[in-house]
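# What follows is a predicted protein model with its sequence.
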Amino acid sequence: MNKDQLESLAEKLIEKIRVRPKHKYDPAKLARDYKVSREDIIVCLDLLQSWGYKFNADKNGFFSFGSAPDSLTAIEVGHKLKTKFIARRIHSWKSLQSTNTTAHQLAASGAPEGTLVLAEQQTRGRGRFGRNWHSPAGLGIYASIILRPKISPNLAPGISLIAALAMADSIASYGDLDIKIKWPNDILIKGKKTAGILTELSAEIGRTNYVIVGLGINVNHKPADFPESLRKGSTSIRAGLKREIIRVDFIKYFMLKFEKEYVDFKKHGLVKSRKRIIAYSSLINSPINLKIGRKTVSGNVLDIDENGQLVVETSEGIKHFSAGEVTTH
Ligand code: BTN
């Protein structure tokens with residue numbers, strides 16, 4: 001068997017073994033079931049152990065399922081995931097330059113709506129405004145979802161907002177933390193950045209080809225895991241909760257929440273979700289500076305409108321903004 005065949009058999013094996021986790025499996029019987037040699041089964045079990053799976057072996061050479069690793073793999077994230085179309089296809093890598101870049105390539109070659117791209121680490125993770133996204137292995141979640149909504153491109157920023165809403169709700173499900181959405185797509189815990197969303201689209205005039213929603217989430221980082229330059233303004237879910245969480249559980253919960261919000265968004269836009277987004281918003285009634293390209297506008301935030309635009313009272317009247325970088329003072 002070559003490497004690909006062994007990997008594919010290992011994936012099938014772990015799916016099967018998990019269905020009856022307490023059952024004692026006989027490698028010889030599994031070999032007969034899969035029409036391979038007993039040695040192939042043993043090699044696959046070794047491979048699964050190298051991926052972080054644990055088994056309980058007895059003295060007769062039989063074994064049962066032990067535990068699964070908290071790895072952002074297609075097997076783990078796809079296991080018993082209850083979504084209908086989001087993350088029904090998952091591509092996972094140990095390391096990528098950027099999950100958004102890979103998602104663009106997959107989308108351009110026809111990947112269906114809902115395809116999820118995951119990486120354990122990114123070597124060139126991208127943030128908004130050309131910044132880097134610090135993406136160390138094993139601590140955070142780096143994910144991109146491919147969407148194909150039939151909407152006008154000017155409505156696409158709404159997708160960032162519903163992703164931020166699903167993210168805030170997912171973090172809130174872990175406990176009573178001070179979670180805020182800083183328009184348009186930063187998630188803050190106690191005023192520090194915990195997650196960011198980079199939504200990119202491929203569009204023509206009046207028509208969206210596809211949307212990539214990139215999610216960078218600081219999950220199990222300790223303060224020392226951030227570079228000095230980010231330490232002051234960044235935090236993680238772990239730091240907020242004061243305990244580690246299982247990343248795989250988090251991303252599965254998020255996918256379910258996001259799917260619900262996205263289905264609703266495709267039918268009703270932000271009509272139904274707007275109030276919940278505003279309830280999380282850190283900017284309502286605050287004085288802000290909004291940088292749009294080279295221009296900076298100052299004013300007081302009044303609202304987020306039904307297109308997801310920030311409504312600001314400026315010295316030149318009330319204005320609606322669809323993008324920009326906000327600083328508070
Ligand atoms: C921001 O706040 O500036 C947005 C950060 C988005 C980072 C994520 S990590 C997964 C995906 N791939 C990327 O290269 N960027 C996004």
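Received it, and whenever you're ready, just let me know what you need. Values in this document were obtained by computation on a predicted structure and should not be read as measured data. Numbering: from 1, shown residues only.

# Which residue is the nearest non-sequential neighbour of the residue of the stretch 101-250 of the chain found nearest the ligand?
With distances taken as C-beta to the nearest ligand atom, the stretch 101-250 of the chain approaches the ligand most closely at Gly196, which sits 2.1 Å away. For every residue, glycine as well, the C-beta is placed using N, CA and C. The shortest distance from Gly196 to any non-neighbouring residue, by C-beta to C-beta, 6 or more residues apart in numbering, is to Gly216 (5.0 Å).

# for Asp178, same thing?
Residue nearest to Asp178 in three dimensions, not counting chain neighbours: Lys190, with 4.9 Å by C-beta to C-beta, 6+ apart.

# How many neighbouring residues does the residue of the stretch 101-250 of the chain closest to the ligand have?
22 (other C-beta atoms under 10 Å).

# can you give me phi and psi for it?
Torsion angles at Gly196 (phi, psi; degrees, to the nearest 10) stand at phi -140, psi 150.

# Leu188 is in contact with that one, correct?
No - taking C-beta atoms under 8 Å as the definition, Gly196 is not a contact partner of Leu188, at 10.2 Å.

# and the biggest helix by length in the chain, does that touch the ligand?
Ranked by residue count, the top helix of the chain under DSSP state H comes out as helix 247-268. No - Helix 247-268 is not in contact with the ligand by C-beta under 6 Å from any ligand atom; minimum separation 11.6 Å.

# other SSEs contacting that helix?
Here helix 247-268 touches helix 74-78, strand 141-147, helix 157-172, going by 3 or more C-beta pairs under 8 Å, 6 or more residues apart in numbering; DSSP states H and E.

# buried ones in it?
Buried residues in helix 247-268, counted by 16 or more other C-beta atoms under 10 Å: 247-248, 250-262, 265.

# Check which residues of the very next helix or strand once past that helix are buried.
As assigned by DSSP states H and E, the chain's next helix or strand after helix 247-268 is helix 274-280. By 16+ other C-beta under 10 Å, the buried positions in helix 274-280 come out as Arg274, Arg276, Ile277, Tyr280.

# Show me the contact partners of stretch 122-129.
Contact partners of stretch 122-129, identified using C-beta atoms under 8 Å, 6 or more residues apart in numbering, comprise 95-101, 132-135, 142, 185, 196, 198, 214, 216, 325.

# need the contact list for the residue sitting furthest away from the middle of the chain.
When distances are taken from the C-alpha mean of the chain, Asn60 lies farthest, 42.5 Å away, according to C-alpha atoms, centre = their mean. For Asn60, the contact set (C-beta under 8 Å, 6+ apart) is empty.

# Next: the one 4 residues further on.
Ser64 sits next to Ile17, Pro21, Lys22, His23, Lys24, Tyr25, Phe55, Asn56 when contact means C-beta under 8 Å, 6+ apart.

# Quick check: Ile237 touching Thr194?
Yes - if you go by C-beta under 8 Å, Ile237 and Thr194 touch, sitting 6.2 Å apart.

# can you list residues touching both of those two?
By C-beta under 8 Å, 6+ apart, Ile237 and Thr194 have these common neighbours: Ile171, Ile217, Asn218.

# Report the contact partners of the second one.
Spelled out, it's Ile217. By C-beta under 8 Å, 6+ apart, Ile217 lies in contact with Gly140, Ile141, Ala143, Met167, Ile187, Thr194, Ala195, Ile237, Phe250.
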